[in-house]
Every structure is written in structure tokens, then in C-alpha cells.
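Enquirer: A structural model of the following input is requested.
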Amino acid sequence: MRPPSVDSLARSLSDIDLPPPLLVDAARTAISNGQPDSARDEAVRLQRALLGPAINATGVLLHTNLGRAPLAYSQPAKATNLEFDLETGTRGSRNHHAANLICRLTGAQAAVIVNNCSAAVTLVLAALARDRAVAVSRGELVEIGGGFRVPDVMAESGARLVEVGTTNRTRLDDYRTAHQVHQAALLMKVHPSNYRISGFTEETSVKSLATLGVPVVVDLGSGLIDDACSWLQEGRPSWLGEEPAVKQTLESGADLVTFSCDKLFGGPQAGVIAGRSDLVEACANHPLMRAFRPGALVLNALQQTALAYLRRDGDSIPFWRMAQTPVTELLSRADAMSIGRTVHTMAMTGGGSLPGEQIPSAGVEIDGDISRRLRDANTPVIARVHDQTTVIDLRTVDPGDDSLVVAAVASSI
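Expert: Here you go, the predicted model:
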């Protein structure tokens, strides 16, 4: 039997929301495989491979694979004053918008925004320590997701790593000796946000390091902005543990702090360098800044998030709203779904933040592993599986998506 033409087969898929060239690709692939009837499956596969919405039912609030902090953001199709000074009518700087708000929140003299925290660290090292020594505790030579390691980032920046102390104990004298022997340009602390060392340990505080007269750079990573958490009605939650905050780290004597914006800050993917104005200026003027700078969409989303903090409106930041939802409310939602057993669960922040800390939560438990079928729903539902039981943790599910979860489960059983 002669196979259908690519054109006619592609036109038969017109109800699938893909542009004609991709439908042609699906038809051509199916025909070349000798299975014209699989063209619809090929088209659906292409569609689902595109970036699209998903429902995070894992209980991991900052799930790296699911985009970390959820953020509702839109911008009209209009020009912006991205690099235009409305006062003078001349060219302005993209660092005079969201960055100024970050300074207001943290007390930093100046700040600059880049596209992620790794870029922030790389830019600091390249601008302030190229061909010079940077002292880092051996217990802080971390590897973050995707295999990015502090020593590798330092090597790429042109700085020279000087390891000080031991894995579990690093004292002030270790940094002092490193500076005296190697004339260190920077003393760097890296917050071990994705692991924890316990037992016979000792580390040197930022306040102590600041006494050595060498610029202190602290990579906080997760981006808790202020220890007081004044944007929350109940104040700082217990599950934050001893997580250090940007404002207090600067007050302790750090000259620069770097952090992510899509973790505990709850904003878009971006990185911040905040602190001493002369050091920030050196970073902003470095040639790498042009490669690392974010665009107007990111900066505007970051600005909206920063304004929410200044309004002390934590409920308008999705991460904090989800994290603070009472367990009683989650239990009520689980009961109303009627799709399985209502259970107490434990959620976590994720995204390399607060290792070992858990947040009481609740959700639905369903016998068997139906995770694949949930992923096949029109809006994929990503759940977790434990002992052949599928758990849908509602702390990370927006209440507006409950009906979609119910429909996905119904079609999966």
C-alpha cells in the first residue's frame, strides 16, 4: 500500500497546536519509519518537548528541574526605559532600576544584576582577582547542580585558588597565613547551601574575616534577603533554620555578597552582586558584564519582586505564599479532591537551599505508581513515588490547579 503524502498527513494533524513546519516534520518522521499512523503521536511528542506549564506536586518548592521559584509575570509589548534616563533624556543604565531596590532592601552601597549566581561569582573573581590569589576554606569548595564546582569557576575566571584550613575546621589564622604568604586579593566564603557538615567542625565568621583588611566576598547562593522576614505576617519561620541573610551578612562586614534570585528570594533566574560601591563598580565595568547582563524581562520581573518585599507583601510572592500555607488548609484541599487518602507529608525548599530542613505539609496518597500517566496529562502533573505509592504534595500545587490534578488522576486510574 502506498503511504500518504507528507502534505496530506500533516494537514490531518491541524487540530494539534503546532505550526505547519513542525506538523510536516512529524508526518515525515512517521512515514520514514514506515508507520504513517504514528504521525499524531510524533506531533504530540514534539509538542510536549516544548517549554510549557507543569504542576509541581513533589513537595519541593524550589524544584530546579521545574523552574525553581514559580513566578507570574507579564509585560506589555511596549518600549521601556531600560537604558534611558527620563530626567536627562540621555542614555541611562539598566542597573539603576531593580539594583537600586536591592540596595534599599539590603543596605548595600551598590548592586549589579547578572543572569545567575554562577555568573555573579565568576564576574567578581574576574574583575577583582584575575591572576591573584583567593583564599577559600577546603570545607567550602562545593559543587552545585550540573557539575559546576567552585575550583572550576575560579580557574575560568583567571583567579588562583588558595585552599585554607581543613574540610571540617578552618580558623582565622588559616586565612591570615594565606594572605601573608600569597597576598590574597580576596577572602571568599561559600555558603554550603546544598549540604551540611556536622560534628567536629569550626568555621570563621564573616565578622572575624573582616578584621584582616582584605575584601571579604560571601557567596550566599540561596538569597534570603533579610533575617527579620518582615514581609511575612508571622515573621521568620522556623524551617529557615540558621540560613544566613544578605542584609545581616553585609552588616557583619562582608564587602560583597552574591546570591541567586530564583531561590529564597522568589524571583526570576538572576544573580546579584551587592556591597561596596567601588567593588561593584569594578564588576559592572568589566568586559564580562556585557555577556552576563540580563534583559528587560528579567529585570522587570526582579523589580516587581523587590517592590513586593518593600511593600511587605509576602503573599504576592508565590514561593512565600506556598511556603506559608497552613497545613489545615492543605488537608481541607486534599479532602475535597476525593482522589485518594489524605495524608500528612513533609515538604522541603529544594534548589540547593536548606539541606535537611523540612516543612510540615499535606496531600494525597494513591496506591501504585501512576507518575508516568500523571505526566501524560494535558497539563503534566509531577508527583513523587515512595514504596509503590504515588504522593501528591499540595504545598507546591497552586489551589487554582486542584481541578487539573483531579482530572489527571481520574484519567490515570
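Enquirer: neighbours of residue 66, how many?
Expert: Number of residues near residue 66 (other C-beta atoms under 10 Å) recorded here: 17. For the C-beta atoms, the positions are set from N, CA and C on the backbone; glycine is no exception.
Enquirer: surely it meets residue 382?
Expert: Yes - contact criterion C-beta atoms under 8 Å: residue 66 and residue 382 qualify, at 6.4 Å.
Enquirer: got any residues that touch both of those two?
Expert: Listed as contacting both residue 66 and residue 382 by C-beta atoms under 8 Å, 6 or more residues apart in numbering are 54, 56, 58.
Enquirer: need these in JSON lines (columns: distance to residue 312 and neighbour count).
Expert: Below are the shared contacts of residue 66 and residue 382 laid out as JSON lines (distance: C-beta to C-beta, whole Å; neighbours: other C-beta atoms under 10 Å):
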{"residue": "54", "distance to residue 312": "31", "neighbour count": "17"}
{"residue": "56", "distance to residue 312": "26", "neighbour count": "25"}
{"residue": "58", "distance to residue 312": "29", "neighbour count": "23"}
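Enquirer: out of these, which sit inside strands?
Expert: Among the shared contacts of residue 66 and residue 382, the members found in strands (DSSP state E) are residue 56.
Enquirer: all strands of the stretch 51-200 of the chain, in order?
Expert: Ranges of strands in the stretch 51-200 of the chain, per DSSP state E, counting those that start in this stretch, are 55-56, 84-85, 90-91, 110-114, 133-137, 143-144, 148-149, 160-164, 186-190.
Enquirer: which stretch among these comes nearest residue 390?
Expert: Residue 390 lies closest, by C-beta to C-beta, to one member of the strands of the stretch 51-200 of the chain: strand 55-56, at 13.5 Å.
Enquirer: who touches the closest one?
Expert: 63, 66, 70, 379-382, 396-398, 401, 404-405, 408.
Enquirer: same thing but at 10 Å, please
Expert: Here strand 55-56 makes contact (C-beta atoms under 10 Å, 6 or more residues apart in numbering) with 62-63, 65-67, 70, 322, 350, 374, 377, 379-383, 392-393, 395-398, 401-402, 404-405, 408.
Enquirer: among these, name the ones in strands.
Expert: 381, 382, 392, 393.
Enquirer: can you lay out these as CSV showing pLDDT, distance to residue 170 and neighbour count?
Expert: Output for the ones in strands among the contacts of strand 55-56, formatted as CSV (pLDDT from 0 to 100; distance: C-beta to C-beta, whole Å; neighbours: other C-beta atoms under 10 Å):
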residue, pLDDT, distance to residue 170, neighbour count
381, 98, 45, 28
382, 98, 39, 18
392, 98, 43, 32
393, 98, 38, 26
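Enquirer: which one of these is nearest to residue 250?
Expert: Closest to residue 250, out of all of the ones in strands among the contacts of strand 55-56 and judged by C-beta to C-beta, is residue 393, at 35.1 Å.
Enquirer: quick check: next helix or strand after the helix or strand that residue 24 is a member of?
Expert: With secondary structure defined by DSSP states H and E, residue 24 is part of helix 20-32. Going down the chain from helix 20-32, the next helix or strand is helix 39-48, by DSSP H and E.
Enquirer: ranges for the strands of the stretch 251-400 of the chain?
Expert: Under DSSP E, counting those that start in this stretch, the stretch 251-400 of the chain gives strands at 256-260, 271-275, 341-347, 359-367, 381-382, 384-386, 389-393.
Enquirer: tell me what angle the last one forms with strand 341-347.
Expert: Read that as strand 389-393. Angle, strand 389-393 to strand 341-347, by axes from the mean of the first three to the mean of the last three C-alpha atoms, to 10 degrees: 70 degrees.
Enquirer: run me through the strand neighbours of strand 389-393, direction for each.
Expert: Within its sheet, strand 389-393 is paired with strand 359-367 (antiparallel), strand 384-386 (antiparallel), according to DSSP bridges.
Enquirer: and the second one, by the same measure?
Expert: On the basis of DSSP bridges, the sheet neighbours of strand 271-275 come out as strand 110-114 (antiparallel), strand 256-260 (antiparallel).
Enquirer: just put the ones you listed in TSV and tack on mean pLDDT and mean neighbour count.
Expert: Formatted as TSV, these follow (pLDDT from 0 to 100; neighbours: other C-beta atoms under 10 Å):
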stretch	mean pLDDT	mean neighbour count
strand 110-114	98	25
strand 256-260	97	29
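Enquirer: would CSV of those with distance to residue 89 be doable?
Expert: Listed next are the strands paired with strand 271-275 as CSV, based on distance: least, C-beta to C-beta, whole Å:
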stretch, distance to residue 89
strand 110-114, 24
strand 256-260, 33
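Enquirer: flag the shaky bits of the stretch 151-300 of the chain, pLDDT-wise.
Expert: Residues of the stretch 151-300 of the chain that meet the criterion pLDDT under 70 lie in 193-200.
Enquirer: what residues sit buried inside stretch 215-224?
Expert: Buried residues in stretch 215-224, counting neighbours by 16 or more other C-beta atoms under 10 Å, are found at 215, 216, 217, 218, 219, 220, 221, 222, 223, 224.
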